[in-house]
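1. Sequence plus the predicted model coming up.
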Amino acid sequence: MRIDVVSIFPAYLDALQLSLAGKAQSSGLLTIRTHDLRDFTRDKHRSVDDTPYGGGAGMVMKAEPWGEALDSLASEQAVIVVPTPSGAPFTQRTAERLSAESHLVFACGRYEGIDQRVIDEASDRWRVEEISLGDFVLNGGEVAALAMIEAIVRLVPGFMGNPASLVEESHGEDGLLEYPVYTKPASWRGRDVPEVLLSGNHAAIAAWRREQAVERTRRRRPDLLS
Ligand SMILES: N#Cc1c(-c2ccc3ccn(Cc4cccnc4)c3c2)n[nH]c1N
């Protein structure tokens, strides 16, 4: 999989070179490249924003640099992912679907957003997905792109050292939240690991974990049970 990320703050995405993403890149599973939108400007001030038509507060990202950037970076089979507060919710299903793609181009906006004509023109040439990380307001798309990319690349076959760790996950196939987890020591500050987890009785452990997952989901995310 190839991922290109375009931003006026490309250094925001440096974290992707760490941890698993960095390892996957060295193994050839994944190529992640970040790009500065200003490198696609043609004026001496390297302008990327201007005042909004129709008035209103803030600035809007100019169409020209984005057009040049997508022309240069997006392959025919690319999916253009546009993080935006007005997008469709990003879910585990979204991550699963995008993890099957060969090329993703993340367009990270700032200010009040990107000139709509960029999205409209791109939609005539590529698959475009406007996606929101959640119902809260960020100052730009970079943090959302980081989260989405991490959720996506960990599902790429061969990426996670132990694929089994992908099986029992919160928001996984059964739609429940994850059960509580414990490790050594068996007793810590007077708090003991639940006996069943030390029993070696795998059926009882599985039943306890399911019960915990259902109870946790009922308390924290009743919407997942409806
Ligand atoms: N995904 C996602 C997001 C964003 C987000 C993503 C991209 C941009 C580009 C600019 N802003 C600021 C801005 C703020 C308010 C209105 N319009 C724009 C962005 C916010 N905010 N919250 C999310 N879940």
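-> The structure has been received and is ready for your questions. Numbers count the residues shown, from 1 in each chain.
2. Which residues of the chain lie near the ligand?
-> 83-85, 87, 109-113, 132-134, 136-141, 144 (CB under 6 Å from any ligand atom). (Glycine included, C-beta is placed from N, CA and C.)
3. can you do 8 Å?
-> 58, 61, 82-87, 90, 108-114, 131-141, 143-145, 148 (CB under 8 Å from any ligand atom).
4. how close does residue 43 get to residue 115?
-> Per CB to CB, to the nearest Å, residue 43 is found 16 Å from residue 115.
5. Tell me which of these two has more neighbours.
-> Set side by side, residue 43 and residue 115 show more neighbours around residue 115, with 21 against 10, by other CB atoms under 10 Å.
6. Enumerate every residue touching the nearest residue to residue 176 once chain neighbours are set aside.
-> Distance criterion CB to CB, 6 or more residues apart in numbering; nearest residue to residue 176, sequence neighbours excluded, is residue 213 at 4.2 Å. Residues near residue 213 by CB atoms under 8 Å, 6 or more residues apart in numbering: 174, 176, 177, 178, 179.
7. again with residue 102
-> Residue 102 touches 1, 2, 77, counting by CB under 8 Å, 6+ apart.
8. quick one, phi psi at the nearest residue to residue 174 once chain neighbours are set aside?
-> Distances taken as CB to CB, 6+ apart place residue 213 nearest to residue 174, at 7.6 Å, with adjacent residues excluded. Residue 213 adopts backbone torsions of phi -70, psi -40, taken as degrees, to the nearest 10.
9. Starting from the longest strand along the chain, tell me which strands it pairs with and how they run.
-> The strand that spans the most residues within the chain, counting by DSSP state E, is strand 79-89. Take DSSP bridges as the rule and strand 79-89 pairs in its sheet with strand 103-107 (parallel), strand 127-132 (parallel).
10. And this structure, what are its domain boundaries?
-> Listed domain ranges for the chain are 2-154, 163-224 (source: the TED database).
11. model confidence over the last one, on average?
-> Mean pLDDT, domain 163-224: 90.
12. got the residue ranges for the helices in the chain?
-> 19-26, 63-73, 92-98, 116-125, 142-153, 202-220 (DSSP state H).
13. just checking, which of those helices sits deepest inside the structure?
-> helix 142-153 (a mean of 21; mean count of other CB atoms under 10 Å).
14. which strands and helices sit next to it?
-> Judged by 3 or more CB pairs under 8 Å, 6 or more residues apart in numbering; DSSP states H and E, helix 142-153 is in contact with strand 2-7, helix 19-26, strand 79-89, helix 92-98, strand 103-107, strand 127-132.
15. try 7 Å
-> strand 2-7, strand 79-89, helix 92-98 (3 or more CB pairs under 7 Å, 6 or more residues apart in numbering; DSSP states H and E).
16. angle of the first one against strand 79-89?
-> Strand 2-7 runs at 70 degrees relative to strand 79-89, counting by axes from the mean of the first three to the mean of the last three CA atoms, to 10 degrees.
17. backbone phi and psi for the most far-flung residue of the chain relative to its centre, please?
-> For the chain, the largest distance from the centre (CA atoms, centre = their mean) belongs to residue 190, which lies 38.7 Å off. Note on residue 190: its backbone torsions stand at phi 80, psi 10 [degrees, to the nearest 10].
18. gap between the residue nearest to residue 174 and the ligand?
-> Residue 213 sits 27 Å away from the ligand, taking CB to the nearest ligand atom, to the nearest Å as the criterion.
19. which residues of the protein score low on pLDDT?
-> 20-22, 161-173 (pLDDT under 70).
20. tell me, what residue is most central in it?
-> residue 148 (0.2 Å).
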